[in-house]
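Colleague: With the input below, show me the fold.
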Amino acid sequence: MLKKTLTYEDYNGNQVTEDYYFNLSKAEVIEMEASAEGGFGEMLKKIAEEKNVPLMMSTFKMFILKSVGIKSEDGKHFRKSPEITADFESSEAYSALFSELCTSAEAATAFIAGILPVDAAQRNDLIAKAKTMQIPSET
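Modeller: Next up, the predicted model:
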């Protein structure tokens, strides 16, 4: 689980700093691995090698929206729902996080590492492949 503190300007012009939580369960990682030909790690590697910017951006978006949720106070539940996802996506906090992941390979790697289950068998492989994903800056 990743706790991420995000600072952004809300729609009233106020600077806001809030904590958000992101997590992928073991079951979600297994589903992601099964959904991609050759596994999700191979898909990340291919995206990075091809420098496929639109696919990189959609992958970052998928990671963010699939992992955002609300941790229960007792730590026994991590609630996700279409409403929680939609509320986050419609906020400037989402824009701040998305921008950060698209412009920093280190931030993207740290985010992906933070949302993966601690004992996921594919964790190191996914992280290694994620390290190579960075949207090229326009020069």
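Colleague: The nearest residue to residue 25 once chain neighbours are set aside: how many residues sit nearby?
Modeller: Closest residue in space to residue 25, ignoring its immediate chain neighbours: residue 117 at 6.5 Å, by C-beta to C-beta, 6 or more residues apart in numbering. The C-beta positions use only the backbone N, C-alpha and C, and glycine is treated the same way. Neighbour count of residue 117, defined by other C-beta atoms under 10 Å: 17.
Colleague: Could you do residue 83 as well?
Modeller: Residue 83: 9 neighbours (other C-beta under 10 Å).
Colleague: before we move on, back to that, which residues sit in contact with the residue nearest to residue 25?
Modeller: Taking C-beta atoms under 8 Å, 6 or more residues apart in numbering, we find residue 117 in contact with 24, 25, 26, 29, 123.
Colleague: Farthest-apart pair in the residues you listed, please.
Modeller: Within these, 25 and 123 form the most distant pair, 13.2 Å apart (C-beta to C-beta).
Colleague: quick one, helices of this structure?
Modeller: 26-35, 40-50, 53-67, 82-89, 92-103, 105-115, 123-130 (DSSP state H).
Colleague: Which among these is found nearest to residue 2?
Modeller: helix 105-115 (3.1 Å).
Colleague: angle of that closest one against helix 53-67?
Modeller: In terms of direction (axes from the mean of the first three to the mean of the last three C-alpha atoms, to 10 degrees), helix 105-115 departs from helix 53-67 by 30 degrees.
Colleague: buried sites along helix 105-115?
Modeller: When neighbours are counted by 16 or more other C-beta atoms under 10 Å, the buried residues of helix 105-115 are found to be 105, 107, 108, 109, 110, 111, 112, 115.
Colleague: which among the residues you listed gets closest to residue 85?
Modeller: Once C-beta to C-beta is applied, the member of the buried residues of helix 105-115 that ends up nearest residue 85 is residue 115, at 14.1 Å.
Colleague: List the residues that contact that closest one.
Modeller: By C-beta under 8 Å, 6+ apart, the contact list for residue 115 reads 1, 2, 22, 23, 24, 63, 67.
Colleague: Go again with 6 Å.
Modeller: 2, 22, 23, 24, 67 (C-beta atoms under 6 Å, 6 or more residues apart in numbering).
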